[in-house]
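Visitor: All I have is the shape, not the residue letters:
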């Protein structure tokens, strides 16, 4: 074995070992770093405007962009998270203590239950137990975010610090990544652009629309007297990702509930609210945002949200669909990159 080859093997083993140890060191903070990277990509054009407004001041523009995200994005999300956790907790304790009557839901679902039992005689569905287990799952995952205040505060400030440096030094980080890649600079630029498009497309085109629709649904539930509006609004935001059906999966049962409980006026009001207000977002804002960037099928985004939430917790609402978008971006570029890689000279 030649001396140069031995050096290459030794250096490869060394760098793999250091990378592994570095991963273990950074592992507790990967969530905060991932959120910072996502915000940096999504708000790239916003930061460029701030950068021009501050006449090229890297530090000042980074501070303004970071603070804007804190006050207009993070603080509202934290407030929603607190109210959502409270809604879930209250509903869970009501179900456990038997203070909620499930006869209304059981009467609605009895035809489907009887139909299934025609094929599976032993089939049974304990709706109270299913609701309890589902709420327990949500409490476990959402409660973990607020379980350790000191850890939450530390990760929050770490994310802000990372976001500041990404805004300030993002272009230098980008050049470093390109210089380390074995691909040509053109391919590296194309990959980074497509990945950025994928992240922005999912966050702005799917998740943002879903969050807006969920917020409007929660407001409608609150106005027209649906119990636990924050919880049902959050479920409406997830349902908004279901192709063709969307928020109707949550809003229509709420309308039926109001009508069944004697609040016909509120039921009609919520129906109008759903068609006019929520539907307006779906028909006007959604196509405008989704026609930009990489096209990712809504069903793939939905799977990303559900799988991401189960695997990563609340952070998965962002990370799951973004990983799906990154996969689509890489698969989209695979033929051109690998085709040129195997082309004989």
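Guide: Arrived safely. What you are looking at is a predicted structure, and each value in this text was computed from that prediction instead of being measured.

Visitor: what stretches of the stretch 201-345 of the chain score poorly on pLDDT?
Guide: Under the criterion pLDDT under 70, the flagged ranges of the stretch 201-345 of the chain are 282, 285-296, 314, 337-345.

Visitor: Show me the helices in it, by range?
Guide: Assigned by DSSP state H, counting those that start in this stretch, the stretch 201-345 of the chain shows helices spanning 208-223, 229-239, 248-260, 264-272, 279-280, 286-290, 298-312, 316-341.

Visitor: Tabulate these (CSV), appending mean neighbour count and distance to residue 155.
Guide: No exception for glycine: its C-beta is placed from N, CA and C like everyone else's. CSV is the format used below for the helices of the stretch 201-345 of the chain (neighbours: other CB atoms under 10 Å; distance: least, CB to CB, whole Å):
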stretch, mean neighbour count, distance to residue 155
helix 208-223, 22, 22
helix 229-239, 23, 22
helix 248-260, 19, 31
helix 264-272, 17, 38
helix 279-280, 15, 37
helix 286-290, 16, 29
helix 298-312, 18, 14
helix 316-341, 17, 14
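
Visitor: could the ones you listed go into TSV alongside distance to residue 197?
Guide: Formatted as TSV, these follow (distance: least, CB to CB, whole Å):
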stretch	distance to residue 197
helix 208-223	15
helix 229-239	23
helix 248-260	29
helix 264-272	37
helix 279-280	27
helix 286-290	12
helix 298-312	15
helix 316-341	7
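
Visitor: so what's residue 317 up against?
Guide: 207, 305, 308-309 (CB atoms under 8 Å, 6 or more residues apart in numbering).

Visitor: In whichever helix or strand residue 86 is part of, which residues are buried?
Guide: Residue 86 belongs to helix 75-96 when assigned by DSSP states H and E. Neighbour counts over helix 75-96 (16 or more other CB atoms under 10 Å) mark 80-81, 83-85, 87-89, 91-92, 95 as buried.

Visitor: do the same with stretch 151-160
Guide: By 16+ other CB under 10 Å, the buried positions in stretch 151-160 come out as 155, 158-160.

Visitor: So residue 55: helix, strand or coil?
Guide: coil (DSSP: H, G, I helix; E, B strand; the rest coil).

Visitor: Distance of it relative to residue 24?
Guide: Residue 55 is 43 Å from residue 24, where distance means CB to CB, to the nearest Å.

Visitor: what are the ranges of the helices in the stretch 51-200 of the chain?
Guide: 58-69, 75-96, 103-119, 127-146, 149-180, 185-200.

Visitor: closest one to residue 72 among the helices of the stretch 201-345 of the chain?
Guide: Nearest to residue 72 among the helices of the stretch 201-345 of the chain is helix 208-223 (12.8 Å), distances taken as CB to CB.

Visitor: could you check the angle helix 248-260 makes with the closest one?
Guide: 10 degrees (axes from the mean of the first three to the mean of the last three CA atoms, to 10 degrees).

Visitor: From the chain's centroid, how far away is helix 208-223?
Guide: Its chain's average C-alpha position is 16 Å from that of helix 208-223, according to CA atoms, centre = their mean, to the nearest Å.

Visitor: Pull the residues that contact that helix.
Guide: With contact meaning CB under 8 Å, 6+ apart, helix 208-223 is reached by 226, 229-230, 232-238, 240-241, 246-247, 250-251, 254, 269-270, 273-274, 277-278, 281-282, 285-286, 289-290.

Visitor: start to end distance for stretch 308-324?
Guide: End-to-end distance of stretch 308-324 (CA to CA, to the nearest Å): 10 Å.

Visitor: which ones are touching residue 242?
Guide: Residue 242 neighbours (CB under 8 Å, 6+ apart): 249, 298-299, 302.

Visitor: Repeat the analysis, applying 10 Å as the threshold.
Guide: 210, 248-249, 298-299, 301-302 (CB atoms under 10 Å, 6 or more residues apart in numbering).

Visitor: How about residue 60?
Guide: Residue 60 touches 50-51, 53-54, 168, counting by CB under 10 Å, 6+ apart.

Visitor: Please repeat the previous calculation with a cut-off of 6 Å.
Guide: Applying CB atoms under 6 Å, 6 or more residues apart in numbering, we find residue 60 in contact with residue 54.

Visitor: From residue 260, how far out is the closest residue to residue 233 other than its chain neighbours?
Guide: The spatial neighbour of residue 233 that comes closest, neighbours along the chain excluded (CB to CB, 6 or more residues apart in numbering), is residue 218 at 2.4 Å. Using CB to CB, residue 218 is found at 21 Å from residue 260.

Visitor: ditto for residue 313
Guide: 35 Å.

Visitor: Same check on residue 23?
Guide: Residue 23 is 54 Å from residue 260, by CB to CB.

Visitor: if we can go back for a sec, which helices and strands sit right next to the helix holding residue 86?
Guide: helix 127-146, helix 229-239 (3 or more CB pairs under 6 Å, 6 or more residues apart in numbering; DSSP states H and E).
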